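> dropping a prediction and its sequence here:
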Amino acid sequence: MIGYNLSTKQTPKDGVTVKKVMVAEALDISRETYFAILMDRACNGPVMVGSPQGGVDIEEVAVTSPELIFKEEIDIFEGIKDRQALQMAKNLGFQGPLQQQAADQIKKLYNLFLKIDATQVEVNPFGETPEGQVVCFDAKINFDDNAEFRQKEIFAMDDKSENEPIENEAAKYDLKYIGLDGNIACFVNGAGLAMATCDIISLNGGKPANFLDLGGGVKEAQVYQAFKLLTTDPKVEAILVNIFGGIVNCAIIANGITKACRELGLKVPLVVRLEGTNVYEAQRILSESGLPITSAKDLEDAAKKAVASVAKK
């Protein structure tokens, strides 16, 4: 397997090169269930989710057999109570002494969830062996990125080589970058605004080339590096800047944009929509720059102008 490409639903089309293989004890499974602990915004905290039907896609079970999905909120002050763990074990179909085994495993999984600052601990299958042992046969864990300062050992294990080189470069400057298949680069602050920008580009007949999130505390150097990253992508035929200045100062964005345009020699159309803190100063900086920057009054206008600039080519 090592050296060959592995292609799954989670990988790019070409797959990911296998560099390591984990060898584990082979166990027979006599029965499979599903169990997870995850953060649920609707409940404002962690919840347990379980189903006696494991080893399959839980989303499919939720659609075809919703009565087989059991959900239980967890009190963040008291944790999982003994009766809750035992009831979940019963709901999962464990019998006799295996019920207590499963309940103990459930409580240990919650302790793990807390200890490693997880946002999700999913065990599928969570099952039993013919010898009467409850086992977490396969698991997936998602970690809270905001807890990296507490979980340095865990985050040090992240294999950056699986990422696109441009994603690793973006991370050096606290930029979040996800490459897409289109030709209009998106330069935005905030994940929600980035997704909305991609959607509106698509609605106007264009295709976003990326998802680039500047975040909150933006500095001119970040703006410069963001433009540098975007212009290295040969697919990019236009750049759309969409910034809403809440904690972000639009003037800082404008200064970063003009500096990047001059020093990098920007050769693709640039459409800028700024709104919020210090926006009038930002607009003055752009208009007096003498650079070929197209201003937009709102997001819809910006998307239309960006799509039109590509269509002219």
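Received it, and whenever you're ready, just let me know what you need.

> what helix or strand does the nearest residue to Glu169 once chain neighbours are set aside sit in?
Nearest-residue entry for Glu169: Leu229, 6.2 Å, with adjacent residues in sequence omitted and distances by C-beta to C-beta, 6 or more residues apart in numbering. For the C-beta atoms, the positions are set from N, CA and C on the backbone; glycine is no exception. Counting by DSSP states H and E, the element that carries Leu229 is helix 220-231.

> next, the buried residues of stretch 136-143.
Neighbour-count burial for stretch 136-143, with 16 or more other C-beta atoms under 10 Å as criterion, is recorded at Phe137, Phe143.

> what of stretch 145-162?
Buried, per 16+ other C-beta under 10 Å, within stretch 145-162: Gln151.

> from the chain's centre, how far out does that stretch sit?
14 Å (C-alpha atoms, centre = their mean, to the nearest Å).

> what do you get for stretch 196-206?
Its chain's average C-alpha position is 20 Å from that of stretch 196-206, according to C-alpha atoms, centre = their mean.

> buried residues, it. List them.
In stretch 196-206, residues buried by neighbour count (16+ other C-beta under 10 Å) are Ala196, Thr197, Cys198, Ile200, Ile201, Asn204, Gly206.

> tell me the mean pLDDT over that stretch?
Average pLDDT, stretch 196-206: 93.

> stretch 62-80 too?
Over the span of stretch 62-80, the pLDDT mean works out to 94.

> contact partners of it?
Counting by C-beta atoms under 8 Å, 6 or more residues apart in numbering, the neighbours of stretch 62-80 from elsewhere in the structure are 37, 40, 43, 45-53, 58, 61, 81, 84, 87-88, 91-92, 106-107, 110, 114.

> please apply the same query to stretch 156-172.
Contact with stretch 156-172 is made by Val16, Lys19, Lys176, Tyr177, Ile178, Gly179, Leu212, Gln225, Ala226, Leu229, Thr232, Asp233, as judged by C-beta under 8 Å, 6+ apart.

> same thing but at 6 Å, please
Residues from elsewhere that reach stretch 156-172, judged by C-beta atoms under 6 Å, 6 or more residues apart in numbering: Val16, Tyr177, Gly179, Leu229.
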